[in-house]
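>>> Provided below for reference: sequence and predicted model.
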Amino acid sequence: MSDIKLANAPAGVEGSGFFATSLDKVIGLARSNSLWPLPFATSCCGIEFMATMGSTYDLARFGAERPSFSPRQADMLLVMGTIAKKMGPVLKQVYIQMAEPRWVIAVGACASSGGIFDTYSVLQGIDEIIPVDVYVPGCPPRPEAILDGVMRLQEIVKNESLRRRETTEYKALLEKYGIHNNG
Ligand code: SF4
């Protein structure tokens, strides 16, 4: 028989209604269920996002019904459509203007890889200019696929350490893209 003696829990810290967690988890839960999208839509994939916002697919279920067209009040950048190289600096500026923590979803083949437009004028994936957290395949992706992308991002957000943005790895990632405004 084990001679380990368990101490009695102090009053109020056990039983129904009590649970222990970490600050990271609580903040991750709040952030992941209140992502504010910034739709950067340049072509057809943007229409699928409009459907995703509509009542049938109802992005509001995920706490993300409030699109922002100001980078200052958004933390989930959704890039949807063909991004011409001329648009690259504009997209990068929008990303830089978003406050940390910020996340990016590349919606559809064009944003992810240039799609069918393997040509001199089109960016072959937005990850050539900004970091991407989730890629949604499809040309165009259906609203269900966009919702799946948002849910995958929620998982990332939920499990992100509060210290991640201060790490040398994260700073090196931004540095790789020539972005210096972190912090
Ligand atoms: S991935 Fe297809 S549907 Fe989406 S913007 Fe490109 S061409 Fe249009």
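Nice, I can see it.
>>> Write out the residues of the protein neighbouring the ligand.
Proximity of the chain to the ligand is confined to 43, 44, 45, 81, 82, 108, 109, 110, 115, 139, 140 under the rule C-beta under 6 Å from any ligand atom. (Each C-beta comes from the backbone N, C-alpha and C, glycine too.)
>>> which residues touch the last one?
This points to residue 140. 44, 45, 47, 48, 108 (C-beta atoms under 8 Å, 6 or more residues apart in numbering).
>>> Quickly list what the spatially most central residue of the chain is bridged to.
By C-alpha atoms, centre = their mean, the mean C-alpha position of the chain lies nearest to residue 103, the distance being 3.4 Å. Judged by DSSP bridges, the bridge partners of residue 103 are residue 76.
>>> I'd guessed it sits against residue 133; true?
Yes: under the criterion of C-beta atoms under 8 Å, residue 103 makes contact with residue 133 at 4.8 Å.
>>> Please enumerate the shared neighbours of these two.
Common neighbours of residue 103 and residue 133 (C-beta under 8 Å, 6+ apart) are 153, 156.
>>> ok so, going back, any chance of the residues of the chain next to the ligand in JSON lines, with secondary structure too?
Listed next are the residues of the chain next to the ligand as JSON lines, based on DSSP: H, G, I helix; E, B strand; the rest coil:
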{"residue": "43", "secondary structure": "coil"}
{"residue": "44", "secondary structure": "coil"}
{"residue": "45", "secondary structure": "helix"}
{"residue": "81", "secondary structure": "coil"}
{"residue": "82", "secondary structure": "coil"}
{"residue": "108", "secondary structure": "helix"}
{"residue": "109", "secondary structure": "helix"}
{"residue": "110", "secondary structure": "helix"}
{"residue": "115", "secondary structure": "coil"}
{"residue": "139", "secondary structure": "coil"}
{"residue": "140", "secondary structure": "coil"}
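>>> can you pick the most crowded of the residues you listed?
residue 108 (30 neighbours; other C-beta atoms under 10 Å).
>>> Cool, thanks, talk later.
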